[in-house]
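A.B. asks: heads up, no residue letters with this:
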């Protein structure tokens, strides 16, 4: 089964999602695995035909070389930071993993569940902001939703 694993990491470039990414690289990834970054952007109005097509299904899988190119990522309205790119490039070299990104638009809870089933992912690692019980009720917790509804194993990395 080596090389067939698709390890998903939900990433929004926040400190807690970067911590989840580092944890996944250090504790889950093995040589030959596929590291699939799931990024969900808020819904918006898009004039371009590609964006209208991708809004329902998500973007095509974006290789790390394109993910590192600001001009290409501008088309997806994603701005990866230098620290995240450094972590990914290092992991790709040292662990010999294939790194790709898939961008979705809409509600993170719904789109991450779709990604788990459609890619399909072997497991998902997601960060937690550490919301209290009352905050989770009003703001909603994506990590709690994933633990309760995902069809693959989910690991929550606390901030």
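C.D. replies: Cool, got the structure. Because the structure is a prediction, the values reported are computed rather than measured. Numbers count the residues shown, from 1 in each chain.

A.B. asks: Just give me the neighbour total for the residue nearest to residue 125 when sequence neighbours are not counted.
C.D. replies: If you skip the residues right next to it in sequence, residue 125 has residue 24 as its closest partner in space, 4.2 Å away by CB to CB, 6 or more residues apart in numbering. Every C-beta, even on glycine, is put in place using the N, C-alpha and C of the backbone. The local packing count at residue 24 equals 24, with neighbours defined by other CB atoms under 10 Å.

A.B. asks: Quick check: phi and psi on residue 24?
C.D. replies: Its backbone dihedrals place residue 24 at phi -60, psi -40, with angles given as degrees, to the nearest 10.

A.B. asks: wouldn't it be in contact with residue 9 here?
C.D. replies: Yes - Residue 24 is in contact with residue 9 according to CB atoms under 8 Å; the separation is 5.0 Å.

A.B. asks: element containing residue 32, please.
C.D. replies: Applying DSSP states H and E as the criterion places residue 32 outside every helix and strand.

A.B. asks: Is it in contact with residue 6, as I believe?
C.D. replies: No - with contact taken as CB under 8 Å, residue 32 and residue 6 are classed as non-touching, separated by 11.4 Å.

A.B. asks: between the two, which one's more packed in?
C.D. replies: It is residue 6, of residue 32 and residue 6, that has more neighbours when counted by other CB under 10 Å, with 18 against 13.

A.B. asks: so where's this protein uncertain?
C.D. replies: Along the chain, the parts satisfying pLDDT under 70 run over 1-3, 44-53, 130-140.
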